[in-house]
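Visitor: turn this into a structure:
(2 chains)
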Number of protein chains: 2
Amino acid sequence: MLSEVVTVCSQTTMKAIIQRVTKATVTVGEEQISSVGRGLCVLLGISVEDTQRDVDYIVRKILNLRLFEDDSGRAWTKSVMDRDFEVLCVSQFTLQCILKGNKPDFHSAMPAELAQPFYNSFLENMRSSYKPELIKDGKFGAYMQVHIQNDGPVTIELTSPTGPADPKQLSKQEKQQQRKEKTRSKGPSELTRDKGNLRSRQDPNASSGAEGDVSSEREP
Amino acid sequence: MLSEVVTVCSQTTMKAIIQRVTKATVTVGEEQISSVGRGLCVLLGISVEDTQRDVDYIVRKILNLRLFEDDSGRAWTKSVMDRDFEVLCVSQFTLQCILKGNKPDFHSAMPAELAQPFYNSFLENMRSSYKPELIKDGKFGAYMQVHIQNDGPVTIELTSPTGPADPKQLSKQEKQQQRKEKTRSKGPSELTRDKGNLRSRQDPNASSGAEGDVSSEREP
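Guide: The predicted structure follows:
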């Protein structure tokens, strides 16, 4: 059962790899076609199963995730929108990868002729939810060099909560997710695994990698 | 049930974001501390639950994943080891992120004082499994700028197959995974979801993003 489960979540939801950046650019051949300063670089993997509901969720999370510090340097307090920063979006079908041994297989990615309008609707949604001039794009389907100056580093993997299974199940899951978001202000107790809470009491400085500007601000 | 499942796989396995790179460097302050040419940039997120078995799996996959073309330009045929390319590894606790609404929580990341020796054992494993001089590192716990020139782009998310649940279950799952790898040469039919196969017949050019050098070589 667990095996099946991992298959479900690794194959058939929209995935976004969010990297916090100092700057990022896209070049095609010798030409630089896109550029952002501080903000986020989003690599977006669209699956065959994705719908506008997945787009809505991922857009909302990208724009509202608190990955930046505030003016006093307190980490994890401000979103890209709060800071008026930019977002570079690049379509990335390889995130919809199933490994066959060591060979990647991409048949769970949405086919290009469907993915292109779908990706455009994602961009439109990003622009209408924020300031359109701060949302940049790569070149869909082109062979690109994406220059990412990952700041921290800080990298977050986002997965849309909807899966491919029973629509009733999905609907219930989405409601649970939304309930969780609404109850966030009531405190973390019901949202965190017991074990996680226990460990956090043992050691508030969980893990590694970008200590410089972030570790001091970790909260339970 | 599905909700529980997503929680399992998003929280408690080792995660690696693999980016195929033309080059990559790490700077701390003004100093460049690490640099690779063609190869892979690996951002590694270690969870509180991870063991050496997760390390072994992730190392094997990173080194053997076929993310490069062969001499004739046929994509997805050669691994980083096949091509004698380099690997830049950077510890990245933020991959072990649980969202509380829009605030990231990192308590499922392994605490730093445990993660540092654990991460070092990952590096040792990488070096002993390949050519040690081709494995580069960031600076654990430092505030870094990781300059990633993502080539394609090509980005793969790897998740170790073991979860935190029943050890018997995990063992069974791992055996299934290994059986799959062994049977790869027998053909893809039993390794791919029926639906995936169906879609691949409908459209062999699934998806988008790095068409230039890869799409022509996609195989079922």
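
Visitor: now stretch A:126-141: average pLDDT?
Guide: Mean pLDDT, computed over stretch A:126-141, is 98.

Visitor: need the contact list for the nearest residue to A:Arg38 once chain neighbours are set aside.
Guide: Leaving aside its sequence neighbours, A:Arg38 sits nearest to A:Phe85 (CB to CB, 6 or more residues apart in numbering or on different chains; 4.9 Å). In short, each C-beta sits where N, CA and C put it, glycine included. Applying CB atoms under 8 Å, 6 or more residues apart in numbering or on different chains, we find A:Phe85 in contact with A:Gly37, A:Arg38, A:Gly39, A:Leu40, A:Phe68, A:Leu134.

Visitor: tell me which stretches of chain A form strands.
Guide: Secondary structure of chain A by DSSP state E: the strands cover A:15-28, A:31-36, A:39-45, A:86-91, A:98-100, A:103-105, A:135-137, A:144-159.

Visitor: how about those in a markdown table, adding distance to chain B and mean neighbour count?
Guide: Shown next, in a markdown table, are those (distance: least, CB to the nearest CB, whole Å; neighbours: other CB atoms under 10 Å in any protein chain shown):
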| stretch | distance to chain B | mean neighbour count |
| --- | --- | --- |
| strand A:15-28 | 6 | 23 |
| strand A:31-36 | 12 | 15 |
| strand A:39-45 | 5 | 27 |
| strand A:86-91 | 4 | 26 |
| strand A:98-100 | 5 | 20 |
| strand A:103-105 | 5 | 20 |
| strand A:135-137 | 12 | 21 |
| strand A:144-159 | 4 | 24 |
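
Visitor: okay, those strands in JSON lines with distance to B:Glu31 next?
Guide: Formatted as JSON lines, the strands of chain A follow (distance: least, CB to CB, whole Å):
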{"stretch": "strand A:15-28", "distance to B:Glu31": "16"}
{"stretch": "strand A:31-36", "distance to B:Glu31": "25"}
{"stretch": "strand A:39-45", "distance to B:Glu31": "24"}
{"stretch": "strand A:86-91", "distance to B:Glu31": "26"}
{"stretch": "strand A:98-100", "distance to B:Glu31": "37"}
{"stretch": "strand A:103-105", "distance to B:Glu31": "35"}
{"stretch": "strand A:135-137", "distance to B:Glu31": "30"}
{"stretch": "strand A:144-159", "distance to B:Glu31": "15"}
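
Visitor: ok so, going back, what does the pLDDT read for the residue nearest to A:Arg38?
Guide: pLDDT for A:Phe85: 98.

Visitor: go on, the one 3 residues further on?
Guide: Per-residue confidence at A:Leu88 stands at 98 (pLDDT).

Visitor: now it: how far from B:Leu40?
Guide: 21 Å (CB to CB, to the nearest Å).

Visitor: mind giving me the domain split of chain A?
Guide: Following the assignment in automatic domain parsing, chain A carries domains at A:10-162, A:167-204.

Visitor: what's the closest of those domains to B:Ile156?
Guide: domain A:10-162 (5.3 Å; CB to CB).

Visitor: what separation is there between the residue nearest to A:Arg38 and chain B?
Guide: The spacing between A:Phe85 and chain B, counted by CB to the nearest CB, to the nearest Å, is 15 Å.

Visitor: ok, now A:Glu49?
Guide: According to CB to the nearest CB, A:Glu49 and chain B sit 9 Å apart.

Visitor: so that residue is in contact with A:Thr13, correct?
Guide: Yes - using CB atoms under 8 Å as the test, A:Glu49 is close enough to A:Thr13 to be in contact (7.3 Å).

Visitor: more neighbours, those two?
Guide: A:Thr13 (25 against 19; other CB atoms under 10 Å in any protein chain shown).

Visitor: just the pLDDT for that one.
Guide: Looking at A:Thr13, the pLDDT reads 93.

Visitor: I figured it hits A:Met110, correct?
Guide: No - using CB under 8 Å, A:Thr13 is not in contact with A:Met110; the gap is 11.9 Å.

Visitor: which residues do those two both contact?
Guide: With CB under 8 Å, 6+ apart, A:Thr13 and A:Met110 have common neighbours A:Ser47, A:Asp50.

Visitor: the helices in chain A, which residues?
Guide: A:2-11, A:52-64, A:112-129, A:167-182, A:194-202, A:211-214 (DSSP state H).

Visitor: okay, A:Glu190: pLDDT?
Guide: 31.

Visitor: quick one, what contacts the residue nearest to A:Gly138 when sequence neighbours are not counted?
Guide: Take A:Gly138 and drop its neighbours on the chain: the residue closest to it by CB to CB, 6+ apart is A:Val90, 3.9 Å away. Listed by CB under 8 Å, 6+ apart, the contact set of A:Val90 reads A:Val26, A:Cys41, A:Val42, A:Leu43, A:Leu44, A:Asp137, A:Gly138, A:Met144, A:Val146, B:Pro153, B:Gly209.

Visitor: thinking again about what came up before, which of the helices of chain A has the lowest mean pLDDT?
Guide: Mean pLDDT is lowest for helix A:194-202 out of the helices of chain A, coming in at a mean of 33.

Visitor: A:Lys61 contacts A:Leu158, correct?
Guide: Yes - if you go by CB under 8 Å, A:Lys61 and A:Leu158 touch, sitting 5.4 Å apart.
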